[in-house]
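# Got a predicted model here, sequence first, then my questions.
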Number of protein chains: 2
Amino acid sequence: MAVYTHVSAERIARLLEGYDVGTLVSAKGIAEGVENSNYLIETSENRFILTLYEKRVDASDLPFFLDMLDHLAQRDQPVPPAITDRDGRRIQTVEDRPACLIAFLPGVSLGEPNADQSGATGEALGKLHAALADFSNTRPNTLSLAGWHDLADKCGAALDEIEPGLGATVNEELTYLDAHWPESLPRSAIHADLFPDNVLMLGNRVTGIIDFYFACTDIRAYDLAVTHAAWCFDDAGTGFDAERSNALISGYDAQLRLSDAERAALPILARGASLRFLLTRAWDWLNTPADALVTRKDPLAFLHRLQFYRNADRGIFGG
Amino acid sequence: MAVYTHVSAERIARLLEGYDVGTLVSAKGIAEGVENSNYLIETSENRFILTLYEKRVDASDLPFFLDMLDHLAQRDQPVPPAITDRDGRRIQTVEDRPACLIAFLPGVSLGEPNADQSGATGEALGKLHAALADFSNTRPNTLSLAGWHDLADKCGAALDEIEPGLGATVNEELTYLDAHWPESLPRSAIHADLFPDNVLMLGNRVTGIIDFYFACTDIRAYDLAVTHAAWCFDDAGTGFDAERSNALISGYDAQLRLSDAERAALPILARGASLRFLLTRAWDWLNTPADALVTRKDPLAFLHRLQFYRNADRGIFGG
């Protein structure tokens, strides 16, 4: 849960004076995302999110994220672009942090999506990728194979404190992925973190795709694999839901046809996706005090997914 | 900063079905208050706050707080009443906690109120007390003299860990207040915690008085003294602001005439108010890990106020 930096109402009112968005009516710190401080702001004209970027977002990456949002918003994708101030600037400095005023989108993040909602998310991701085909900015994915090796090294022997044998499992998986990771699949800018938290819905309709702060240039089908790992299991990662899985893949494929090579690569991409969240959660787990007020997310929920994908029949991805 | 209990969007949508308030459009966990979990909820018809009462609010006190809000709302005071569901109930159970759906009020909490805003708050408090003259429910103030003794005993020698000599100062003050605390001043239901956090404003206008969870039956002028301690100093409690003080007292007096006895008692009531926040902050300070994500509020900010009120010319309260 967020809101790390306090911003006074007076400071927010002064910030809004630089924009053509009306005057401040309400401002509430909200628990949105885990990386940044966010305020839900109401003005006399509209609602907005004010985001202050905390240390986990590199300010030099912001133009990539904001250009990507602008590109998508111009193509009618349900994403929240940054608002430009009267001088055409999107990035401000508030309380010594880079900050953006961002469009507010309606919709709620689901706790337990059903198959229809999973299908709608697959469609939304397919449309997102299609709309990104002519987006030329690039940002390396620092959380791909090389990044996973770094994280595994940094965690080191402590991985076995989380679960005995976890270090060996991670190393074995890294060796496998090093040897078999696909290199020639279609690439583009991807979201790379499309958990249910980051999809706003009204009923079965996707009204918002948010939190682009892991977006990067990588294999397009890897984004679908991340989304699959995020949407098609229970929280513990033990209960796989075949209906949600079929709906997600079909929804995507209906918007952006998966090639045979992409479909064939989904199992290994999903193994990589599972390892990515296993490792980032393991690192956070080892570096967050057990009594801290932030919730530590269980790394083992992604070990369970990894084990599922290792053993799964390739038919689960259809085709 | 709050949001202790996670409530899923699905649970909120189901809760709203019991009310005649439209369907769920958005729900954001907000950092409002320090005692409860709060969600800012938008429906197809309106906006609301959903509050889950955590352990510091006793469920048996809720009817008093809610009746007080209803009483005030019926008398056009800017307070947020609880919404009744289709069966006429105001209190629900959500995630095993008592919970209320509450009206949303516009306005922002000021970080640094000016004299006009302080005056408007004095007027609002005077009107609030006037409107409570015929409110007959009662709730003892557990944070008055007897409660301060209890807190001082529970903190014990640890008070001197916060500042050497603090324990002796507290005991000396308790002895003085025991001997001189006024007993015959007008009493009514009071807010008892009217810090700038709990007053919503638009410009110089009070649009909301919120967070009634310390409300109780006590000396009316004590509520003004609490508000004085809360509004007329800088955060550190060292910089007294005479303009804000004069505006606050005059604003109150213009709405509800202070008797000579009330005015004469303000210095001792303000000493009591300072001791109350000194002691509750000291207790929290001693019982909150220094690295916790909740901000520990400095108890010494109210030691400084206590020292100010001990030495202040009684003329600062006008008359």
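Cool, the structure landed.
# switch to C-alpha atoms for all contacts and neighbour counts from now on
Fine.
# ok, residue A:104 touching residue A:82?
No: counting by C-alpha atoms under 8 Å, residue A:82 is not a contact partner of residue A:104; they are 9.8 Å apart.
# Quick check: nearest residue in space to the residue in chain A that chain B sits nearest to, chain neighbours excluded?
Using C-alpha to the nearest C-alpha, the closest approach of chain A to chain B is made by residue A:30 at 4.3 Å. Nearest non-adjacent residue to residue A:30, counting by C-alpha to C-alpha, 6 or more residues apart in numbering or on different chains: residue B:30, 4.3 Å away.
# Can you check the pLDDT for the one you found?
The score at residue B:30 is 91. That number is its pLDDT.
# What is the neighbour count of it?
28 (other C-alpha atoms under 10 Å in any protein chain shown).
# Repeat that for the one 10 residues further on.
Number of residues near residue B:40 (other C-alpha under 10 Å) recorded here: 22.
# about what we covered before: what about residue A:104 and residue A:82, which has more around it?
The neighbour comparison of residue A:104 against residue A:82 (other C-alpha under 10 Å) goes to residue A:82, with 25 against 19.
# pLDDT weak spots in the stretch 201-319 of chain A?
A:289-296, A:319 (pLDDT under 70).
# quick one: the residue nearest to residue A:30 from residue B:36, how far?
The gap separating residue B:30 from residue B:36 is 10 Å, by C-alpha to C-alpha, to the nearest Å.
# list the contacts for the residue positioned nearest the centre of chain A?
With distances taken as C-alpha atoms, centre = their mean, the residue of chain A nearest its centroid is residue A:193 (2.1 Å). Residues counted as contacts of residue A:193 (C-alpha atoms under 8 Å, 6 or more residues apart in numbering or on different chains) are A:212, A:214, A:215, A:223, A:226, A:227.
# Can you get me a residue count around residue A:276?
21.
# Give me the phi and psi for the residue lying closest to it once chain neighbours are set aside.
Taking C-alpha to C-alpha, 6+ apart, and ignoring the residues beside it in sequence, residue A:276 has residue A:148 as its nearest neighbour in space, at 6.4 Å. For residue A:148, the backbone dihedrals are phi -70, psi -40 (criterion: degrees, to the nearest 10).
# what residues go with each domain of chain A?
For chain A, automatic domain parsing gives the domain ranges A:9-103, A:115-317.
# Rebuild these as a markdown table, extending it with distance to residue B:167.
Shown next, in a markdown table, are those (distance: least, C-alpha to C-alpha, whole Å):
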| stretch | distance to residue B:167 |
| --- | --- |
| domain A:9-103 | 36 |
| domain A:115-317 | 30 |
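# So which other helices or strands are in contact with the helix ranked longest in chain A?
When chain A is parsed with DSSP state H, its longest helix is helix A:260-287. Using 3 or more C-alpha pairs under 8 Å, 6 or more residues apart in numbering or on different chains; DSSP states H and E, the elements in contact with helix A:260-287 are helix A:145-155, helix A:166-180, helix A:220-231, helix A:300-311.
# at 10 Å instead, please
Packing partners of helix A:260-287 (3 or more C-alpha pairs under 10 Å, 6 or more residues apart in numbering or on different chains; DSSP states H and E): helix A:145-155, helix A:159-162, helix A:166-180, helix A:220-231, helix A:300-311.
# what angle sits between that helix and helix A:145-155?
Interaxial angle, helix A:260-287 versus helix A:145-155 (axes from the mean of the first three to the mean of the last three C-alpha atoms, to 10 degrees): 20 degrees.
# what angle separates helix A:260-287 from helix A:166-180?
Put simply, helix A:260-287 runs at 150 degrees to helix A:166-180, going by the same axes, to 10 degrees.
# Which parts of the stretch 1-150 of chain A are strands?
A:24-30, A:36-43, A:47-53, A:92-94, A:97-103 (DSSP state E, counting those that start in this stretch).
# Make sure residue A:257 is indeed in a strand.
No: according to DSSP: H, G, I helix; E, B strand; the rest coil, the state of residue A:257 is coil, so it is not within a strand.
# show me the contacts for it.
With contact taken as C-alpha atoms under 10 Å, 6 or more residues apart in numbering or on different chains, residue A:257 is in contact with A:126, A:130, A:250, A:251, A:263.
# what's the helix or strand for the closest residue to the first one other than its chain neighbours?
Distance criterion C-alpha to C-alpha, 6+ apart; nearest residue to residue A:126, sequence neighbours excluded, is residue A:252 at 4.6 Å. Here residue A:252, judged by DSSP states H and E, is contained in helix A:242-255.
# got the buried residues for that helix?
Across helix A:242-255, burial judged by 16 or more other C-alpha atoms under 10 Å in any protein chain shown covers A:244, A:245, A:246, A:247, A:248, A:249, A:250, A:251, A:252, A:253, A:255.
# How about stretch A:282-290?
Quick answer for stretch A:282-290 (16+ other C-alpha under 10 Å): A:282, A:283, A:285, A:286.
# Need the residues that contact stretch A:170-181.
Under C-alpha under 10 Å, 6+ apart, the answer for stretch A:170-181 is A:145-146, A:148-149, A:152-153, A:159, A:166-169, A:265, A:268-269, A:271-272, A:275, A:278-279, A:303, A:306, A:310.
# And that stretch, what's buried?
For stretch A:170-181, by 16+ other C-alpha under 10 Å, it's A:170, A:173, A:174, A:177.
# so what sits against both of residue A:104 and residue A:82?
A:48, A:49, A:50.
# In CSV: those residues, plus distance to chain B and neighbour count.
Listed next are the shared contacts of residue A:104 and residue A:82 as CSV, based on distance: C-alpha to the nearest C-alpha, whole Å; neighbours: other C-alpha atoms under 10 Å in any protein chain shown:
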residue, distance to chain B, neighbour count
A:48, 13, 22
A:49, 11, 24
A:50, 14, 24
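# from the residues you listed, which is closest to residue A:186?
residue A:49 (33.4 Å; C-alpha to C-alpha).
# about what we covered before: wait, which of the buried residues of stretch A:170-181 is closest to residue B:68?
residue A:170 (58.9 Å).
# Against residue B:199, how distant is that closest one?
53 Å.
# now residue A:51
Taking C-alpha to C-alpha, one finds residue A:51 at 24 Å from residue B:199.
# Spell out which residues of the stretch 101-250 of chain A are next to chain B.
A:105-113, A:200-203 (C-alpha under 10 Å from any C-alpha of the partner chain).
# Which ChimeraX command selects the buried ones in these?
Of those, the buried ones can be selected in ChimeraX as follows, counting by 16+ other C-alpha under 10 Å:
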select /A:105,106,107,108,109,110,112,113,200,201,202
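# Tabulate the residues of the stretch 101-250 of chain A next to chain B (JSON lines), appending distance to residue B:63.
Output for these, formatted as JSON lines (distance: C-alpha to C-alpha, whole Å):
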{"residue": "A:105", "distance to residue B:63": "36"}
{"residue": "A:106", "distance to residue B:63": "33"}
{"residue": "A:107", "distance to residue B:63": "33"}
{"residue": "A:108", "distance to residue B:63": "31"}
{"residue": "A:109", "distance to residue B:63": "32"}
{"residue": "A:110", "distance to residue B:63": "32"}
{"residue": "A:111", "distance to residue B:63": "32"}
{"residue": "A:112", "distance to residue B:63": "34"}
{"residue": "A:113", "distance to residue B:63": "36"}
{"residue": "A:200", "distance to residue B:63": "36"}
{"residue": "A:201", "distance to residue B:63": "35"}
{"residue": "A:202", "distance to residue B:63": "34"}
{"residue": "A:203", "distance to residue B:63": "35"}
